[in-house]
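Peer 1: fold the following for me, if possible:
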Amino acid sequence: MEIREKIQDVIEKSFVFDQPKKSIEIEIYTPLKKEHGDYTAAIRYKKGKPSIDRLEKTIKKIKKSKDYKKFFKDVKFEPPIFVNFFLLDSYFSKKIKDILKKKERFGELDLGKDKKIQVEFISANPTGPLTVANARGGPFGDVLGNVFKKAGFNVEKAYYINDCGKQILALGHSVLKDKEAEYKGEYIDFLSRKVKTKDPLAAGEKAAEIILEKMIKKTVKKLGIEYDEWFSEKSLHQSKDIEKVLDIFKKKGLIYEKEGAIWFKSSSFGDERDRVLIKSDGAKTYLAGDIAYHNYKFKEKKFDKVVNIWGADHFGDAPGLKSGMEALGFKNKLEIIFLQFVTLFEKKKRLKMSKRKGTYITLDELLKDIDKDVIRFFFLEKAANTHLNFDLSLAKEQSEKNPVYYIQYAHARICSILRKADFGGKFSGKLAEAEIDLARRIIRFPEIVKDTFKDYQIQRIPRYAKELAESFHRFYGDCRVMVENEKIRNKRLALILATKIVLKNTLDLMGISAPEKM
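Peer 2: This is a model prediction of the structure:
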């Protein structure tokens, strides 16, 4: 049981109830000020509020409990609803020993019970190289998959290749440079030299293959992403999987014909309107393929959950797909996260991007100027529902102004200290207050994993990495490590070794390198 769960349990066992147990809500968080304790619990009634007298009696009961003596040195009431918990110094010492023992396994949880989960991300159309605009989902999806794995899930990372449909035909016309051309840019000139066929569809399919193999796959690898599956939309059509889903819907009475098109009764599952699966010209819609693809995920690959990372411009596509999943018996197994757009700035000037007009910045171009670690970190810093302004000037900065270098320097500095020290790696002794300040930060890593697993707020991880680096730099400024007193020296060496372990685990979670020299 983690310490927050223990606090929850202690409160519930000690609370002086005047209403049913379910009538109270307990929110536990880390306070900003030390005088508010190591953890603060906000106790609220769903209706009304607990009296001060009742909370004071609750605290008296907590102090008489067995758990109080095991974990806490003080519990204080802060009106009107807050209870502040102060942990025993020995608790921090115990956790430091735990970190030194577990090393890279510290922070691993058993929440997933090895259930299967798939994270699908980027999935940009293979009609051009990956741009900065559609690349945000790369680090986000990759790190979310890492979090799921750390939380105990069996994780697959997938890329859905939209290699059929109108966009492929449009690509073919563009490669042939005929009057129906839509895409422009140097890559189109390159493809025009490579593709020999004069048939627009065949030209588009060949061009899409080249883009996927020579551009997209190489780019995501440079960004540090390894996919477990690259799934072709065209294969759905070839395997007749879409027809199989249509047959299922037909047997369930969930499709009908109107104005020459085949419609899905998605409104029966909470959608605001029904959706077209086959157009009047016989062409299958994107939704038809998407439903078939997700049926394959759940029925054939047996995923317990699927999380899709989509751009905000696809928000309107979600209700139809979720309705399709419910109709197939997979209700609540699909989650979709929408990422807001990315805007590039350089010297306070906004850079415009458009794949069709040929005025865009590719991810490859960005990777030539900026280290992949910096790109990943900057893409992870903002919440999914927040527009991301990418500051090229700051990203190019190779100093402590750049948060990535600031964090990596903390790791490199610790490595340098440990290289020079003759340290056996064992921890003993009582922590001083300045040492506890650092310990308090590093032991929170499992909480970061758990909270991110629960709410998908990936920006919590880079923020934690910065806070951890700040705590180390502050500790290093306040406490000399290589002192003459061997007991104090070894205690502090053990503490910074634990810091190094947790900092590296955090960087690993983000797919960012942890250099030992800088």
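
Peer 1: tell me the SS of the nearest residue to D391 once chain neighbours are set aside?
Peer 2: Using CB to CB, 6 or more residues apart in numbering and skipping the chain neighbours, the partner closest in space to D391 is F345 (5.5 Å). Where you see a C-beta, it was placed from the backbone N, CA and C, and this is true even at glycine. Classification of F345 using DSSP: H, G, I helix; E, B strand; the rest coil returns strand.

Peer 1: the helices in the stretch 351-500 of the chain, which residues?
Peer 2: Taking DSSP state H, counting those that start in this stretch, the helices of the stretch 351-500 of the chain run over residues 363-369, 372-380, 392-396, 403-420, 433-442, 445-455, 460-478, 486-510.

Peer 1: tell me which of these sits nearest to D67.
Peer 2: helix 445-455 (18.7 Å; CB to CB).

Peer 1: now the closest one and helix 486-510, what's the angle there?
Peer 2: Calculated by axes from the mean of the first three to the mean of the last three CA atoms, to 10 degrees, helix 445-455 forms an angle of 20 degrees with helix 486-510.

Peer 1: okay if I get the helices of the stretch 351-500 of the chain as a markdown table plus mean neighbour count?
Peer 2: A markdown table is the format used below for these (neighbours: other CB atoms under 10 Å):
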| stretch | mean neighbour count |
| --- | --- |
| helix 363-369 | 16 |
| helix 372-380 | 23 |
| helix 392-396 | 15 |
| helix 403-420 | 19 |
| helix 433-442 | 20 |
| helix 445-455 | 19 |
| helix 460-478 | 19 |
| helix 486-510 | 21 |
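
Peer 1: so which of those helices comes closest to F298?
Peer 2: helix 445-455 (20.8 Å).

Peer 1: what's around N485, how many residues?
Peer 2: 9 (other CB atoms under 10 Å).

Peer 1: when you give positions from now on, start the count at 773
Peer 2: Let's use 773 as the start, then, which means that last one is N1257.

Peer 1: still on that earlier bit, who does the residue nearest to D1163 bridge with?
Peer 2: R1122, D1163 (DSSP bridges).

Peer 1: show me what contacts it?
Peer 2: 1123, 1161-1165 (CB atoms under 8 Å, 6 or more residues apart in numbering).

Peer 1: quick one: the residue lying closest to G1096 once chain neighbours are set aside from R1148, how far?
Peer 2: Spatially, and ignoring its direct neighbours in sequence, G1096 is nearest to I1063 (3.8 Å; CB to CB, 6+ apart). Here the criterion is CB to CB, to the nearest Å. By it, I1063 lies 32 Å from R1148.

Peer 1: can you check T812 too?
Peer 2: As judged by CB to CB, T812 and R1148 stand 33 Å apart.

Peer 1: thought G900 was touching I982?
Peer 2: No - the pair G900 / I982 is not scored as a contact, 11.1 Å apart, by CB atoms under 8 Å.

Peer 1: middle-most residue in this structure, spatially?
Peer 2: With distances taken as CA atoms, centre = their mean, the residue of the chain nearest its centroid is L916 (3.1 Å).

Peer 1: please identify which helix or strand holds that residue.
Peer 2: For L916, the host element (DSSP states H and E) is helix 909-922.

Peer 1: would you mind getting the angle between the next helix or strand after that helix and helix 909-922?
Peer 2: Downstream of helix 909-922, the first helix or strand assigned by DSSP H and E is strand 926-933. Put simply, strand 926-933 runs at 160 degrees to helix 909-922, going by the same axes, to 10 degrees.

Peer 1: now for strand 926-933, which elements pack on it?
Peer 2: strand 888-892, helix 909-922, strand 1001-1004, helix 1005-1011 (3 or more CB pairs under 8 Å, 6 or more residues apart in numbering; DSSP states H and E).

Peer 1: quick one: the helices in the stretch 773-922 of the chain?
Peer 2: Going by DSSP H, counting those that start in this stretch, the stretch 773-922 of the chain shows helices at 775-786, 824-836, 838-843, 861-874, 909-922.

Peer 1: and the worst-scoring helix or strand of the chain on mean pLDDT, what other elements does it pack with?
Peer 2: When the helices and strands of the chain are compared on mean pLDDT, DSSP states H and E, strand 1121-1123 comes out lowest with a mean of 77. If you count contacts as 3+ CB pairs under 8 Å, 6+ apart, strand 1121-1123 packs onto strand 1114-1118.

Peer 1: next, the buried residues of the strand it packs on.
Peer 2: 1114-1116 (16 or more other CB atoms under 10 Å).

Peer 1: any chance of these in a markdown table, plus distance to K1144 and pLDDT?
Peer 2: Output for those, formatted as a markdown table (distance: CB to CB, whole Å; pLDDT from 0 to 100):
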| residue | distance to K1144 | pLDDT |
| --- | --- | --- |
| V1114 | 16 | 91 |
| T1115 | 20 | 88 |
| L1116 | 16 | 88 |
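
Peer 1: residues in contact with stretch 810-825?
Peer 2: Contacts of stretch 810-825 (CB under 8 Å, 6+ apart): 775-776, 779-780, 783, 787, 790-791, 795-803, 827, 849-859, 1212.
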